[in-house]
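Colleague: Return a 3D structure for these sequence lines:
(2 chains, ligands or ions: 4)
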Number of protein chains: 2
Amino acid sequence: MSEGLIHTTAGNMMSSPLRIIDLLDFGRQQFPDQEIVSRRLEGDVHRYTYEACWQRSNQVAHALAKLGVQPGDCVASLAWNTHRHMELYYGVSGYGAILHTVNPRLFPEQIQYVIDHAQDTYIFVDLGFLGILEQIQNALPTVKGYIVLTDRQHMPETTLSNVHCYEDLLAPHATSFPWPDLHEDQASSLCYTSGTTGNPKGVLYSHRAMVLHAQATVSAALLDLRQDDVLLPMVAMYHASAWGAPYAAPLAGCKLVLPGAGMDGASMWSLIEAEKVTVGLGVPTIWLTLHNYLSEIDVTKTPLKRVCVGGAASPLGMVKTYAERYNVYWQPIWGMTETGPLATSLPPTPALMALPASERYTLQTTAGKAAFGVIMEIFDADDQPVPHDGETSGELRVKGPWICSQYYKNEDRSAFLQGWLATGDIAVIDRQGYMRVVDRKKDVIKSGGEWISSIEIENIVSAHPSVNECAVIGVKHEKWDERPLLLVVANKGVQVTADDIYKHLQGKIAKWWTPDAVEFVTELPKTGTGKVRKNELREQWFLHLESK
Amino acid sequence: MSEGLIHTTAGNMMSSPLRIIDLLDFGRQQFPDQEIVSRRLEGDVHRYTYEACWQRSNQVAHALAKLGVQPGDCVASLAWNTHRHMELYYGVSGYGAILHTVNPRLFPEQIQYVIDHAQDTYIFVDLGFLGILEQIQNALPTVKGYIVLTDRQHMPETTLSNVHCYEDLLAPHATSFPWPDLHEDQASSLCYTSGTTGNPKGVLYSHRAMVLHAQATVSAALLDLRQDDVLLPMVAMYHASAWGAPYAAPLAGCKLVLPGAGMDGASMWSLIEAEKVTVGLGVPTIWLTLHNYLSEIDVTKTPLKRVCVGGAASPLGMVKTYAERYNVYWQPIWGMTETGPLATSLPPTPALMALPASERYTLQTTAGKAAFGVIMEIFDADDQPVPHDGETSGELRVKGPWICSQYYKNEDRSAFLQGWLATGDIAVIDRQGYMRVVDRKKDVIKSGGEWISSIEIENIVSAHPSVNECAVIGVKHEKWDERPLLLVVANKGVQVTADDIYKHLQGKIAKWWTPDAVEFVTELPKTGTGKVRKNELREQWFLHLESK
Ligand SMILES: Nc1ncnc2c1ncn2[C@@H]1O[C@H](COP(=O)(O)OP(=O)(O)OP(=O)(O)O)[C@@H](O)[C@H]1O
Ligand SMILES: Nc1ncnc2c1ncn2[C@@H]1O[C@H](COP(=O)(O)OP(=O)(O)OP(=O)(O)O)[C@@H](O)[C@H]1O
Ligand SMILES: [Mg+2]
Ligand SMILES: [Mg+2]
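Modeller: Residues are numbered from 1 along each chain as shown, chains lettered A, B, ... in the order given. Ligands and ions are numbered 1, 2, ... in the order given. Alright, predicted model coming up:
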């Protein structure tokens, strides 16, 4: 707790710290037989119980002690969503070390940078990612050894030095470890943002933050996870902790399904079908991938009840498709690596579901309301809060116990203003408290001194029946500085023209927002986390209007 | 956080404190129109929204400032469960003062003692409790004034000096208050245990403890409260904060129904029926009262889904009656003033409800499992943990962030041992983690050096169709030191003999546990909170076997 808070008389309550390890301990005590199902990198599907996961997490801690890892040390993972990665989430953090979940989709130089910046001592690595490390191993002075997340039988040839086999490392150890009495502000884990500009920046999470985030996540205001849910996180455990799913699942007692490296439509669907997944987590692109696959194989009946979707705005077209074609609730979420990541959502409450469909769909394209613990406000360029009228936009700023207060070992405080995190998102909040991101600061289109919301246009275009996905970017214009350009990926096998799109837009947006051109493309470039790379599109198309 | 916890690297998360006021702020933002319905002391039923409750809580804070109350001061309430008491819960604690909820059922000397011990500065008092204060006002040197919880029209004559009318006090103030940045360990509220022996002992709660307790309370492991629930706390807000209902309700967004002074069957039922109450909170006696009333008026259909029952063991007879006659799930809870109060429960999970009825009923007579955050263990007389085999009993000890670490301004540490709270309850824990209280240390029957569980016998006797309620106590015996005596209140209008009871007990308990005598009485003496006064029964019946 910081200084300056009023504190006259302390209550007489125990100072029991909030610890990550207690989440799994709770889960295995309350729901010992609940399952964790995991697609292994070895190819097969692995299943075990929370109790087994607990025992192996205890073995991980013993193994760390044996390796000489000290509390406070950083230990890296370079791994997909598997049960072994889950064991690291608990074993490493519970031990008092810091789990640095490295994003394998970063460029090799960036991977080298983050490992060096974090001073990682050991790296736990999946079979598929060994090559990345072999390439840079000579530039990793702090790394003492590597542990391959597999069994003896599958151990690969490798040029890495000091290599261990995960299963061999665990095997000799007891399944119960004397977990240390950690301070709840102790760092638990470290995640770097992808760094579309400049070097990646680290967010150093604490035990307290992750436990409070897990409680918020299972609560009805966010993911509303319950014992009879089957949760499939299609967001990577190396990206913002798979939105905290590994922490939330044991607290809720739900079955957890981990997709391994299988991020394609067919792999995803086979798990959803076989394991009767009820709740999916992922960026919009993932659900577009699933939809495209299900269209191909002509399936509309799924066990899914909800897909929880964040990381980018929810396009109206997808909201409708999931509701009307699949009878699945598209649940929007807003968050970022710097915010735990989950901060807002719009769960399918009885009141919401009672609304006329079109009204509900529109609400589903917002980001919903803030969870308990998260305070949010929007500010104008002079740092003044703007009205919550659903119209006035400004930068979104947030605060709360699981929001980042500074980047790890980084002097740049420009995103941390007077106790707020400045998110870089431009948003509106309406009278009822619904927040909507209208753009990212860096993606904003400034036409004749006024802003145009790329997200709002995309949202409307996405609802055209022939449109698969789309992006609006600002490109150079002689008179207006920038004007919007619309890029469209059409559905397979359909005929659609720019005119069709213009007709569809007519009357739905201000005239001067109408894109100056519509171009059809076969795909949109994406980041490792499945988001459209608007900076790449801008580079490619920047002079498009001039060349016309 | 206490010293001695491992803390090598702090995470970079904001140090936002957990504050009680944010619970109501969340509730009114997420569920502005959700209702709080309250039976007023003036006689009528009052209803308003969370938003209105929020605004008036802000007015309370302004009023406290005007009265000169300082952060850290104690401010007392002597009041039933009403919307005004709810406003004090938020206004007083949010302001940084400490709400001391005085139990009006204490003896006047005890009330004087606790007010003096807490050094209360002002007392907010309900119409019905003025007389108590008038009696002792000359012995309350720290009290500067009294606020009667009513409007001008209902202000009574009183001999109290410096008296304010609550509605007049609030009226002039703004509905928005600049809530202070409190430290989360700041004391929020104070509750004294009833003190069946010696002076009452104070439990000083903190903001952090109450917020974490509220999160646990709404979670599926405890009360599992949701937006579409209608919650009726039939436990007093002056007794362990009505089990935290005023804090949990806005977090869950459920409708809150406050019964005022109406603790009788008819008043209770009229609210349950009119407001469509789905979840009730109360001690077993309350649900016996409701059952007796419903039997009288011959009603079996109710809107209730669950009654959540703690403060005493759940008798098998009541569990069955509620299931089979009313189709209501009897949800056991364990807790005490010193533990927040809620710590364990057994919610109606799909798995539980799939069990054969008799197996389920038996589990419902346990206290369930610990919520996330609560650690529990049972210890023998040498302070050693005993096995979790469902047989070996010992003293229950608990720890966690909302468990008391010492009594307020009290040097006696006998209940606080090596970081645990020693509860004074004798319990067993089975292999699956279900806890069952078999007796209170002070109620234990020691026969020939061996323990007999009074609760277990009561549990079986309660299931006899002619038994309304019963109590087993230890009374003097020449040879065995103590032997059990069974006291029975029969159902109205039925004929039942001691022999019937003995037949019912046969084969269900060890022979030497069989009570030496069965006596029929018309009622059992109860505490202000509705628990059977076993100490009083013991005094009355202690020589019963000798006189025979
Ligand atoms: N519901 C949503 N609506 C619109 N945008 C969203 C939503 N949820 C998340 N976002 C966008 O995603 C961002 C957070 O993403 P994340 O932290 O995963 O990495 P990134 O910001 O895309 O990458 P980097 O910071 O490395 O450039 C938010 O700042 C916001 O722009
Ligand atoms: N589920 C339960 N089964 C058995 N006993 C219970 C249960 N829940 C609560 N109790 C009893 O209630 C006690 C806590 O009650 P509370 O704090 O309300 O006051 P009290 O202990 O009865 O009064 P005092 O401490 O002033 O004598 C526990 O210690 C336990 O003995
Ligand atoms: Mg970002
Ligand atoms: Mg007690």
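Colleague: For ligand 1, see how far away A:Asp181 is.
Modeller: Distance, A:Asp181 to ligand 1, using C-beta to the nearest ligand atom, to the nearest Å: 32 Å. From N, CA and C alone the C-beta is placed, and that goes for glycine too.
Colleague: nearest residue to that residue other than its sequence neighbours?
Modeller: B:Leu5 (4.9 Å; C-beta to C-beta, 6 or more residues apart in numbering or on different chains).
Colleague: repeat for A:Asn292
Modeller: A:Asn292's closest residue in space is A:Gly265 (C-beta to C-beta, 6+ apart), at 6.3 Å.
Colleague: so that neighbour makes contact with A:Leu288?
Modeller: No: if you go by C-beta atoms under 8 Å, A:Gly265 and A:Leu288 don't touch, sitting 9.6 Å apart.
Colleague: would A:Ala236 count as being in a helix?
Modeller: No: A:Ala236 is assigned coil when assessed by DSSP: H, G, I helix; E, B strand; the rest coil, not a helix.
Colleague: residue ranges with poor pLDDT in the stretch 101-250 of chain A?
Modeller: A:195-197 (pLDDT under 70).
Colleague: What is the burial count for the residue nearest to A:Asn292?
Modeller: By the criterion of other C-beta atoms under 10 Å in any protein chain shown, A:Gly265 has 19 neighbours.
Colleague: Need the pLDDT of it.
Modeller: Per-residue pLDDT puts A:Gly265 at 97.
Colleague: who touches it in this structure?
Modeller: A:289-290, A:292-294, A:296 (C-beta atoms under 8 Å, 6 or more residues apart in numbering or on different chains).
Colleague: swap the cut-off to 6 Å and go again
Modeller: A:289-290, A:293 (C-beta atoms under 6 Å, 6 or more residues apart in numbering or on different chains).
Colleague: Can you list which of those residues are found in helices?
Modeller: By the criterion of DSSP state H, membership of the contacts of A:Gly265 in helices covers A:289-290, A:293.
Colleague: now that we have those, which one has the most neighbours?
Modeller: Busiest of the ones in helices among the contacts of A:Gly265 [other C-beta under 10 Å] is A:Leu290, holding 25 neighbours.
Colleague: For A:Glu391, identify the helix or strand it belongs to.
Modeller: For A:Glu391, there is no enclosing helix or strand under DSSP states H and E.
Colleague: separation between it and A:Trp513?
Modeller: For A:Glu391, the distance to A:Trp513 equals 14 Å [C-beta to C-beta, to the nearest Å].
Colleague: The residue of the stretch 251-400 of chain A found nearest chain B: how many residues sit nearby?
Modeller: For the stretch 251-400 of chain A and chain B, the shortest gap (C-beta to the nearest C-beta) falls at A:Phe372, measuring 4.5 Å. By other C-beta under 10 Å, the residues close to A:Phe372 number 25.
Colleague: again, but for A:Lys526
Modeller: With other C-beta under 10 Å as criterion, A:Lys526 counts 14.
Colleague: On the three-state scheme, the residue lying closest to A:Thr49 once chain neighbours are set aside is what?
Modeller: Leaving out its chain neighbours, the residue that sits closest to A:Thr49 by C-beta to C-beta, 6+ apart is A:Asp33, at 5.3 Å. At A:Asp33 the chain is in coil, as set by three-state DSSP.
Colleague: Tell me how many other residues crowd A:Asp33.
Modeller: 10.
Colleague: For the closest residue to ligand 2 within the stretch 251-400 of chain A, give me its contacts.
Modeller: Scanning the stretch 251-400 of chain A for the residue nearest ligand 2 gives A:Gly253, at 21.8 Å (criterion: C-beta to the nearest ligand atom). Contact partners of A:Gly253, counting by C-beta under 6 Å, 6+ apart, are A:30-31, A:34, A:227.
Colleague: Of these, which are in range of ligand 2?
Modeller: Contacts with ligand 2 are made by none of the contacts of A:Gly253, judged by C-beta under 6 Å from any ligand atom.
Colleague: Can you pull the residues of the stretch 201-350 of chain A lying near chain B?
Modeller: For the stretch 201-350 of chain A, the residues in contact with chain B (C-beta under 6 Å from any C-beta of the partner chain) are A:204-206, A:209, A:215, A:220, A:226-228, A:349-350.
Colleague: So which of the residues you listed is the closest to B:Asp430?
Modeller: Using C-beta to C-beta, A:Gln227 comes nearest to B:Asp430 of those, at 20.0 Å.
Colleague: So for the nearest residue to that closest one once chain neighbours are set aside, what's the pLDDT?
Modeller: Leaving out its chain neighbours, the residue that sits closest to A:Gln227 by C-beta to C-beta, 6+ apart is A:Gly253, at 4.2 Å. Residue-level confidence at A:Gly253 comes out at 97, pLDDT.
Colleague: go on, A:Val283?
Modeller: 96.
Colleague: Buried residues, the lengthiest helix in chain A. List them.
Modeller: Longest helix in chain A, counting residues (DSSP H): helix A:50-67. Of the residues in helix A:50-67, those with enough neighbours to count as buried (16 or more other C-beta atoms under 10 Å in any protein chain shown) are A:50-64, A:67.
Colleague: Between helix A:50-67 and the helix or strand just after it, find me the angle.
Modeller: Next in sequence after helix A:50-67, counting helices and strands by DSSP H and E, comes strand A:74-78. Going by axes from the mean of the first three to the mean of the last three C-alpha atoms, to 10 degrees, strand A:74-78 is angled at 120 degrees with respect to helix A:50-67.
Colleague: Return the list of helices and strands in contact with strand A:74-78.
Modeller: Counting contacts by 3 or more C-beta pairs under 6 Å, 6 or more residues apart in numbering or on different chains; DSSP states H and E, strand A:74-78 packs against strand A:98-101, strand A:120-125.
Colleague: For the stretch 201-350 of chain A, which segments count as strands?
Modeller: A:202-206, A:230-233, A:255-258, A:279-282, A:306-309, A:329-335, A:342-345 (DSSP state E, counting those that start in this stretch).
Colleague: for A:Asn459, what are its contacts?
Modeller: A:315-316, A:365.
Colleague: can you list the domains in chain A?
Modeller: Annotated domains of chain A cover A:21-282, A:443-548 [automatic domain parsing].
Colleague: Deepest-packed of these, please.
Modeller: domain A:21-282 (a mean of 21; mean count of other C-beta atoms under 10 Å in any protein chain shown).
Colleague: how long is it end to end?
Modeller: With C-alpha to C-alpha, to the nearest Å as the measure, domain A:21-282 spans 25 Å from end to end.
Colleague: Equivalent analysis for stretch A:324-342, please.
Modeller: OK, stretch A:324-342 end separation, C-alpha to C-alpha: 27 Å.
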